[in-house]
Structure formats: structure tokens, C-alpha cells
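J.: Here is a sequence with its predicted model. Questions after.
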Amino acid sequence: MKNLKRIVVAIVMFVATSSFVNAQSKVAHINVQQLLSEMPAMKNAQAELQKLQETYKADIDNSIKELQNKYVQYQNEAPSKSDEENKKRQVELQGFEKSIGEAQQTAQQELQKKQVELVGPVTETAKKAIEKVAAAQGINYVLDSTQGGGVIVATGKDLLADVKVELGF
């Protein structure tokens with residue numbers, strides 16, 4: 001009878017302990033920034049954004065050079081022109097400056113819109129791969145261990161290599 005009680009107590013403790021262990025959540029981490037920077041699709045998106053940015057910069061630089069040339073020309077011709085014509089030229093230069101400023105703002109907005117358009121699907125693909133790998137390994141929580149991302153110690157399971165395999169690179 002005494003042995004039976006010990007066996008029952010041992011079984012109850014074993015079940016309680018194993019239930020507690022199973023109730024604990026599994027946590028892993030991944031450096032999302034590193035993952036994204038190494039994804040071929042992200043590299044392609046960044047290259048496309050760089051080309052677009054260079055195109056806008058070249059257009060704006062050309063407009064600025066044209067404005068500078070007109071400014072020098074008008075400054076050189078100002079003494080030989082009437083006050084009325086000089087005022088017209090000054091208004092023209094101000095309008096040109098304003099249009100350059102508007103072009104810069106438009107270019108910035110277009111770049112931001114294109115970045116969302118190109119980078120959004122890449123980050124979504126990465127997120128789905130992280131979720132798939134975490135689910136396959138029974139992980140409940142995945143923390144972003146990117147520098148400055150809030151994770152102070154990341155000694156647990158690192159999913160970066162597994163997610164790269166899932167994404168095929």
C-alpha cells in the first residue's frame with residue numbers, strides 16, 4: 001500500500017512536471033534587418049530604387065544648373081535692362097526656383113511610394129517564411145534581434161539560417 005502511494009505520487013508529479021514543461025512557450029529570435037538585406041528580391045528592389053533616385057537627381061541637378069545659368073545671365077544683363085524687365089526676370093527666377101522645389105518634393109514622394117511598392121512584398125515574403133519556420137519548429141514567439149530592436153540578450157534559437165533555407169538562398 002505504501003509503495004502504491006509512492007507510485008501514485010510519482011505519477012502525479014511526473015504528469016504535473018511534464019504539463020508545466022509543455023505549457024512553457026518556445027521563443028526564438030531572428031535579425032530581420034540582416035535577413036532582408038540578404039534577400040535577392042530586396043537587393044533588386046534597392047537597385048531599382050537607386051536608379052530611380054539617380055534619375056530624379058540628374059533631372060533636378062540639370063534644372064538647378066539651368067537656374068544658375070539664367071541667374072548669371074540676368075545679373076550680367078541687368079544694368080542694360082529696364083527696372084520693369086529686371087523685375088519680370090526676378091519673378092521668372094523665383095517661379096523657376098519654386099518649380100524646382102516642387103519637383104524635389106514630388107520626386108521624394110514618388111521614391112517613397114515606389115519603396116513601399118517594391119519593399120512591401122519582400123517584407124511580407126520574409127514574414128511568411130519566418131512564420132512557417134516557427135510553426136514547423138513549434139516556436140510560439142519570434143523576437144526581432146536587429147541591433148536596437150529591443151532584444152537585449154539573444155542566446156536562444158536563431159531562425160536566420162532556417163528562414164534563408166525556406167526562402168531558397
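T.: Now that the structure is in, tell me what you want to look at. These numbers come from a predicted model, not from an experiment. Numbers count the residues shown, from 1 in each chain.

J.: Just give the nearest non-adjacent residue to the most centrally placed residue in the chain, would you?
T.: Centrality entry for the chain: nearest residue to the mean C-alpha point is Val119, 6.9 Å, by C-alpha atoms, centre = their mean. Distances taken as C-beta to C-beta, 6 or more residues apart in numbering place Ala45 nearest to Val119, at 5.6 Å, with adjacent residues excluded. C-beta coordinates here come from the backbone N, C-alpha and C atoms, glycine included.

J.: which strands and helices sit next to the helix or strand that neighbour falls within?
T.: Under the assignment given by DSSP states H and E, the secondary-structure element containing Ala45 is helix 40-77. With contacts defined as 3 or more C-beta pairs under 8 Å, 6 or more residues apart in numbering; DSSP states H and E, the secondary structure elements packing on helix 40-77 are helix 83-136.

J.: Quick one: work out the angle between the helix it packs on and helix 40-77.
T.: Helix 83-136 runs at 170 degrees relative to helix 40-77, counting by axes from the mean of the first three to the mean of the last three C-alpha atoms, to 10 degrees.

J.: Skip ahead from helix 83-136 and say which helix or strand is next.
T.: Proceeding N to C from helix 83-136, the next assigned helix or strand is strand 141-144, under DSSP H and E.

J.: coming back round to it: state the distance from the residue nearest to Val119 to Lys132.
T.: Ala45 sits 22 Å away from Lys132, taking C-beta to C-beta, to the nearest Å as the criterion.

J.: could you give the mean pLDDT of stretch 73-90?
T.: For stretch 73-90, mean pLDDT is 91.

J.: what comes into contact with it?
T.: With C-beta atoms under 8 Å, 6 or more residues apart in numbering as the test, stretch 73-90 has contacts from Leu93.
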